[in-house]
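Asker: Here's my sequence, what's the structure:
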Amino acid sequence: MGSKRASLLQYICILILIYSFGFSAVATNDDRNKLQNYIVFVRPATDINTSVPENAEKWHNSLLSTVFKNSSASRLIYSYNTVVNGFAARLTEEEVEELLKHPWCVRVILANNRYKLTTTQTPKFLKLSGRGGLWRRTKNMGEGMIIGIIDTGIWPDHPSFSGRGMPNPPAKWKGHCDFKNKFCNNKLIGAKSFLRAGAEEQKHISPFDIVGHGTHTASTAAGAFVKNTSVFGNDMGLASGMAPRAHIAVYKVCTEEGCEEPDILRAIDEAVRDGCDVLSISLGNNASRPFYNNAISIGGFTASLKGVFVSTAAGNDGPLPSTVSNDAPWLLTVAASTISRRFVSTVKLGNGLQLDGESIYQPNSWMPKMFPLVYLGKVSDVKSGQCLDGTLDRRQVNGKIVICDRGGNGRLEKGLEVHNAGGVGMILVNSKKDGYNTESDKHVLPASNINYFDGEKLKKYIRSTKYPVATLVFQGVVMDNMRSPSIASFSSRGPSKLNSFILKPDITGPGVNILAAVPPMKVEGKILHFDLMSGTSMACPHLSGIAALIKKAHPTWSPAAIKSAIMTTAYWQSLDRKPMTKENHLRANAYDMGAGHVDPSKALNPGLVYDIHVKEYVRYLCGLGYSDDNIEAIISPLPPVKCANTKAIPQEQLNYPSIVVPLSTGNAVIYRTVTNVGDEKESYKAKIKVPIGVSATVVPDTLNFTRAYEKKTFKIIFKWVGGNKTNSFGDLKWISIRHVVRSPIVLQLAAETLA
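Answerer: Numbers count the residues shown, from 1 in each chain. I've put the predicted structure just below:
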């Protein structure tokens, strides 16, 4: 087998050399003639009503026909007419150059960045359910709200999407259902599929979810109540989404391979036209691209302009800094945290040491006797230590519990390799990057995922004795994680590479071991309808559902006001009342968690909000140095902008609920405006906290409101007076008798300037 692999590798290397050196000139020409996906932004038509989809498509085909001698219909992928003026088409580089010569063409972007999927107890954890919970106290479960899920589709015949007891869709709903078998109902009111931009165009594919990701996120946002749920025999009780009475509309844009930009933009276009109130987009791409080259940023801008709240995932590329996705200021960017529930699987060693880990697979037939313990990472290579496919030797593994390091392949794949090699159990050890964050997986054999630091103790034990032994003790569901919420190791971090003076992520929500609906799957003779998943993909729909609750309570609030309410009422302590931590148990900062962890009850009544008008976004975009054409691509279908005639503002002056201060010159003045959404008459006093070495003065330091929706502007004068020259953190609180309105502060101190 090894010789065959070596021969194949040599053959591949030879082919690479041939193509690299022998045909480089041909490859260059082929690239120019290669059809690729592009999004073309055009100026508004003057004599055609493009708000009618059929008219827009005819017009866009007519524009393409000015470039092509043959029919352009086969090249057109989508015609957009709601969130952008333009279309997606398959073009060559030469054809793009020809398009750009026409005055109706604003700009063209190459849409070849593939997005990836960023992959219950949480209603109780978030204080939505229960006697004193938000649902019962406010009688608000999201009735009349429509949440659009842009994902892998949905499994419609699931109890989480039952229409029983649901009202009819609101009159504004204009969407439809593409399921042939009439699966839609008053809960699942719409389902469409957009998969035309992939390598294999799929025009007529069903919105059915065969991946499971979209079903999980949809039920997390707005799943109906389902009693007596269980996973692998673990009784989970009552499951529901955050807004269990909201309607769901599904837009399938992803397969297991990922999601294409033209498909995503079409889904946003359709969802806004259909009448969605909230969009939930659990997709990410950490490629740092300007907003005018990003489908979610472009579509999300006009969605927000039209009053649609857009919730997105921060990404799963943590804990490295500057890995955050979806960082446009008009998007809510959601980080992921742990919850208090654990499925405890304890590792008991021969020396009496016990190490608590996690696994949802807790077999009743397991006999907790001592088994030989083996770690091949100490006698073989890294691949064996990671239990990669085909690396374990049955002679060394059979009848033993095997230690496997995380990394290199999937967690479930490691267990399968151990099982196939004859192992009786697995201890999955976190990498240093993953730290203390463990996950409950449906392993194929008895297993436990332990944290990195306990893994070091485990390996120390195995080195200390000639005959190491261990067993696993399954403890079931335990609600004892008082360090929760803590930031998940995978959750992407700030600062943003594109706009470092806008704090991203914005907020944190539950994203580890989240129970929600999945397509039915058979495991050990049982059909599972619910499963646990982890990721910022899971955190995002929590915030989507919560945003729907806020919008239901405050239908006139803008998306920016809703975002402000979520951010300024967030908390930053775990259940043990200590500051939230991250994967290494060190204190989390604003680049890890944004404003903090969402508090739905307080977000319904924030007192003050930082609202943002579309004109401010335009001034902000001009301040980024974008060209007029690039800005037009983002803000279309708004009229074109001339930045030369616009008073641009730097990033930090956008009226954002968080504050990032550039102190490269030693001082800065930041302006903000708040709107009173609390009691008509209410007074607030400023309380600001900044690190040693920085002084801060709020002017005025008292705000007296006399009417609803009254606005007041204040400024904060920051001065660097010596000391810390690294990024530091603080906060501003506006405190009244009834409200605390908190904004996190990040102080960016450029050491090279201050030295």
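
Asker: burial measure for residue 407, as a count.
Answerer: By the criterion of other CB atoms under 10 Å, residue 407 has 16 neighbours. All C-beta spots, glycine's among them, are computed from the backbone N, C-alpha and C.

Asker: got the contact list for residue 624?
Answerer: Going by CB atoms under 8 Å, 6 or more residues apart in numbering, residue 624 touches 290, 499, 651.

Asker: Of those - the most surrounded one?
Answerer: When neighbours are counted by other CB under 10 Å, residue 499 leads the contacts of residue 624 with 21 neighbours.

Asker: close enough to count as contact, that residue and residue 324?
Answerer: No: using CB atoms under 8 Å, residue 499 is not in contact with residue 324, being 10.7 Å away.

Asker: In contact with the closest residue to residue 254 other than its chain neighbours, which residues?
Answerer: Once flanking residues are discounted, residue 254 sits nearest to residue 152: 4.6 Å by CB to CB, 6 or more residues apart in numbering. Residue 152 sits next to 117, 209, 210, 211, 212, 213, 214, 215, 252, 254, 255 when contact means CB under 8 Å, 6+ apart.

Asker: Please report phi then psi for residue 152.
Answerer: phi -100, psi 10 (degrees, to the nearest 10).

Asker: follow-up on the earlier one: turn the contacts of residue 152 into TSV, columns for distance to residue 126.
Answerer: Formatted as TSV, the contacts of residue 152 follow (distance: CB to CB, whole Å):
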residue	distance to residue 126
117	23
209	25
210	30
211	26
212	23
213	22
214	22
215	21
252	28
254	27
255	31
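
Asker: Max pairwise distance over those: which two?
Answerer: 215 and 255 (14.2 Å; CB to CB).

Asker: Tell me which of these two has more neighbours.
Answerer: Just comparing residue 215 and residue 255: by other CB under 10 Å the higher neighbour count belongs to residue 215, 30 against 19.

Asker: Residue 518 versus the more buried one, what's the distance?
Answerer: Per CB to CB, to the nearest Å, residue 215 is found 6 Å from residue 518.

Asker: Report the set of residues contacting both of these two.
Answerer: Residues touching both residue 215 and residue 518 (CB under 8 Å, 6+ apart): residue 155.

Asker: Write the PyMOL selection for whichever of the contacts of residue 152 are buried.
Answerer: Only the buried members of those enter the following PyMOL selection, criterion being 16 or more other CB atoms under 10 Å:
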select buried, resi 117+209+211+212+213+214+215+252+254+255
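
Asker: nearest to residue 455, of the contacts of residue 152?
Answerer: residue 117 (27.9 Å).

Asker: Residue 254 is in contact with that closest one, correct?
Answerer: Yes: at 6.1 Å, residue 117 counts as touching residue 254 under the criterion of CB under 8 Å.

Asker: which residues are in contact with both of these two?
Answerer: 151, 152, 211, 213, 283.

Asker: Give me the mean pLDDT for the helix or strand in which residue 279 is found.
Answerer: Element membership for residue 279 (DSSP states H and E) is strand 278-281. Averaging pLDDT along strand 278-281 yields 98.

Asker: Could you do stretch 337-344 as well?
Answerer: According to the model, stretch 337-344 has a mean pLDDT of 89.

Asker: tell me which residues in it are buried?
Answerer: 337, 338, 339, 340, 341, 342, 343, 344.

Asker: Contacts only, for the fourth one.
Answerer: Right, the one you point to is residue 340. 121, 125, 479, 480, 481, 482, 484, 575.

Asker: Narrow those residues to those in strands?
Answerer: Taking DSSP state E, every one of the contacts of residue 340 sits outside strands.

Asker: Quick one, which of those are buried?
Answerer: 121, 125, 481, 484, 575.

Asker: Quick check, the second one in contact with residue 511.
Answerer: No: the pair formed by residue 125 and residue 511 falls short of the contact definition of CB under 8 Å, at 11.9 Å.

Asker: Let me know the closest of the contacts of residue 340 to residue 239.
Answerer: Of the contacts of residue 340, the one sitting nearest to residue 239 (CB to CB) turns out to be residue 121, at 9.1 Å.

Asker: And for residue 467, the neighbour number?
Answerer: Count around residue 467 with other CB under 10 Å applied: 7.

Asker: Secondary structure class of it, three-state.
Answerer: Of the three states, residue 467 takes coil according to DSSP: H, G, I helix; E, B strand; the rest coil.

Asker: Skip the chain neighbours and tell me the closest residue to it.
Answerer: That would be residue 372: by CB to CB, 6+ apart, it lies 7.2 Å from residue 467.

Asker: and after the helix or strand residue 538 falls within, which helix or strand comes next?
Answerer: Using DSSP H and E, residue 538 maps to helix 536-553. Using DSSP H and E, the helix or strand that follows helix 536-553 in sequence is helix 559-568.

Asker: Which other helices and strands does that next one contact?
Answerer: With contacts taken as 3 or more CB pairs under 8 Å, 6 or more residues apart in numbering; DSSP states H and E, helix 559-568 sits against strand 309-313, helix 536-553, strand 608-609, strand 740-748.

Asker: same for the shortest one, what does it pack against?
Answerer: When you say that, I think you mean strand 608-609. helix 559-568, strand 667-676.

Asker: just how off-centre is the following helix or strand past that strand within its chain?
Answerer: Next in sequence after strand 608-609, counting helices and strands by DSSP H and E, comes helix 614-623. In this view, helix 614-623 has its centroid 25 Å away from the chain centroid, taken as CA atoms, centre = their mean, to the nearest Å.

Asker: go on, stretch 208-228?
Answerer: Relative to its chain's centre, stretch 208-228 lies at 16 Å (CA atoms, centre = their mean).

Asker: average pLDDT across that stretch?
Answerer: 93.

Asker: low-scoring stretches of the stretch 151-300 of the chain, by residue?
Answerer: Within the stretch 151-300 of the chain, the stretches with pLDDT under 70 are 181, 199-204, 233, 235-236.

Asker: can you pull out the helices in it?
Answerer: Using DSSP state H, counting those that start in this stretch, the helices found in the stretch 151-300 of the chain span residues 213-222, 261-274, 295-305.

Asker: Including distance to residue 135, could these go into CSV?
Answerer: Converted to CSV, those look like this (distance: least, CB to CB, whole Å):
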stretch, distance to residue 135
helix 213-222, 13
helix 261-274, 26
helix 295-305, 27
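
Asker: Would you mind finding the most buried of the ones you listed?
Answerer: helix 213-222 (a mean of 32; mean count of other CB atoms under 10 Å).

Asker: Packing partners of that helix?
Answerer: Using 3+ CB pairs under 8 Å, 6+ apart, helix 213-222 is in contact with strand 146-151, strand 247-252, strand 278-281, strand 514-523, strand 526-533, helix 536-553.

Asker: and which of the buried ones among the contacts of residue 340 is nearest residue 589?
Answerer: For the buried ones among the contacts of residue 340, the residue nearest residue 589 by CB to CB is residue 484; the value is 17.8 Å.
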